Each structure stands twice: as C-alpha cells, then as structure tokens.
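Undergrad: Pasting a predicted model and its sequence here:
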Amino acid sequence: MVYGFWIVIIFTLLYEPIIGYFDFQKFKVEVKRDDNVRLKYYKNIITTLWVPTVFILLLVAFTELTLTDIGLTMPSLNTELLGPFVTYFAFAIGLLYACGILYYSIGYHVSDKIREKLAVVRAKQMGESSYSDILPVTRKEKKVWNAVSLTAGVTEEIIYRGFLLFAFTYLFPTMSIWIIVIICSLLFGLGHTYQGFIKGVLRTTIFGVIFSILFIGMGSIIPLIILHFLIDYMAKLGES
C-alpha cells in the first residue's frame, strides 16, 4: 500500500504540473487552427484524471485502504482536529460560496438579468484569462464540458483531498496536520499551472486549503464533489 501511495504522490508532482502544462501550451496553439482540438483536449482531461483515480480505487479494493479513509462516506461533524473556530469559519465560507454558485447557476436559466450579467463576466474572462481557450464555446463542447466538470469534481476530490490527506498522514504520522494540508493544497495548485501562477497555482492552492479544512471537518468529500462540480460547471455559463 505504501508503494501505491508514493506512486500517486509522484504522479501529482510530475504529470499535471509539468506534462499537463506543456500539453496545454500545445493545445493553445492547435485550437487556433482547429476548433475540434478543444473536444479532444476535454477527452484527454477526463482520461488523465480517471487514471490515478482508478488506481486509488484499486488500492481500496486490494489493500487495507478503505473508502472511508479517502472520504467516500457520509459527512459527520468533527471540530477536534482543527478546532471549532477554524472549522466553522471554513463552513461559513463554503456555505456562502455554495449559495452564490447555486444562485447564479439557477438564475442563469430563469433570469434574463443574471444571464446578461454572466455574459459580461464571460466576455471579460475570455479577453483577459490566459486559459480562456479551454472554455467551451459550442453546444457540443458545453455538453462534453458537463462530463469534464463532473470528472474534475469526483476525481480531484478523491485524489487531492481524500487520498493525499490520508496518504501523508499515514506516511508521516508525526507531521503537523497543517503542514499536510498545505502540502496537499500546493500539489492541487500545481495541478493548475496551465492557468498561470496567480490565477492558477496560488488561487487554487487557497481553494485547496479551504476544501481540505472542510473535508477534515466533515470527514467526507461527497459535499465537496458536488461543490467542485458546480464551480467548474459555472465556467460554461454566459453564452447561449
């Protein structure tokens, strides 16, 4: 099981931060010549996220690692490890963010005003973001983007929250939980190097810290999977 832990850790250190970065640079060049490249890139994202996830699930099937260890269990409140203040503060942030995501996700389909507001945000994002080329444009791309969003929600929470937090705790039992949270969150951030340092690595690392606190406070990644999916799903909104 220990060897399996290190295989996944090395994968998160090498694949997305390095290979994933250069794949995205290649994609940015190719997509300007051929729009179909975007759909191929989406399928590649789905595959590369599911490969380590399936490996983790195989560890669950054939070693003493359990689904509960990686957070695939029903939520239950735990404020002892990080303290009630930090835990409830993270809960408040998560709840407010979830409410905002739900408001705009639902409002997009029922309110012209919200739809127009999201269109403005989308246009600005397409003009300023270094990774705007990845966002879906056509109806077909948006349908596939749903699969990308769901894949990211499920697999990234299993890998970066459920599995890595348990793996580092298991491998380094005397290490501070805060150091483990930071390490796992940084690995999550490095998995988004294609988005740039500030808007990608740094921002995603901060999200990783908050999500890690939520996971520790709930003992479950299931609510995080749903929230993660909704965050990525929102990226396609803003155009008809």
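TA: On my side now, so go ahead.

Undergrad: Going by residue numbers, what spans are helices in this structure?
TA: Secondary structure of the chain by DSSP state H: the helices cover 2-14, 21-30, 36-62, 84-110, 112-128, 139-156, 164-171, 177-190, 203-218, 222-234.

Undergrad: could I get these as JSON lines with distance to residue 197?
TA: Every residue, glycine included, has its C-beta placed from N, CA and C. Below are those laid out as JSON lines (distance: least, CB to CB, whole Å):
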{"stretch": "helix 2-14", "distance to residue 197": "17"}
{"stretch": "helix 21-30", "distance to residue 197": "11"}
{"stretch": "helix 36-62", "distance to residue 197": "21"}
{"stretch": "helix 84-110", "distance to residue 197": "23"}
{"stretch": "helix 112-128", "distance to residue 197": "15"}
{"stretch": "helix 139-156", "distance to residue 197": "19"}
{"stretch": "helix 164-171", "distance to residue 197": "21"}
{"stretch": "helix 177-190", "distance to residue 197": "9"}
{"stretch": "helix 203-218", "distance to residue 197": "9"}
{"stretch": "helix 222-234", "distance to residue 197": "20"}
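
Undergrad: closest one to residue 73 among the ones you listed?
TA: Nearest to residue 73, of all those, is helix 222-234, at 7.7 Å by CB to CB.

Undergrad: Just give me the lowest mean pLDDT stretch among the helices of the chain.
TA: Here those differ in mean pLDDT, and the lowest is helix 112-128 at a mean of 75.

Undergrad: would you put the C-alpha positions of that helix in PDB?
TA: C-alpha atoms of helix 112-128 as PDB (Å, rounded to 0.1, in the frame of the first residue of the first chain):
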ATOM      1  CA  ASP A 112     -32.500  37.500 -18.200                       C
ATOM      2  CA  LYS A 113     -30.700  39.900 -15.900                       C
ATOM      3  CA  ILE A 114     -28.500  37.200 -14.400                       C
ATOM      4  CA  ARG A 115     -27.900  35.700 -17.900                       C
ATOM      5  CA  GLU A 116     -26.800  39.100 -19.100                       C
ATOM      6  CA  LYS A 117     -24.500  39.700 -16.100                       C
ATOM      7  CA  LEU A 118     -22.900  36.300 -16.600                       C
ATOM      8  CA  ALA A 119     -22.400  37.100 -20.300                       C
ATOM      9  CA  VAL A 120     -20.500  40.200 -19.400                       C
ATOM     10  CA  VAL A 121     -18.300  38.300 -17.000                       C
ATOM     11  CA  ARG A 122     -17.700  35.600 -19.600                       C
ATOM     12  CA  ALA A 123     -16.700  38.100 -22.200                       C
ATOM     13  CA  LYS A 124     -14.300  39.700 -19.800                       C
ATOM     14  CA  GLN A 125     -12.900  36.400 -18.800                       C
ATOM     15  CA  MET A 126     -12.400  35.400 -22.400                       C
ATOM     16  CA  GLY A 127     -10.500  38.600 -23.100                       C
ATOM     17  CA  GLU A 128      -8.200  38.600 -20.000                       C
END
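
Undergrad: Before I go, just wanted to say thanks for your time.
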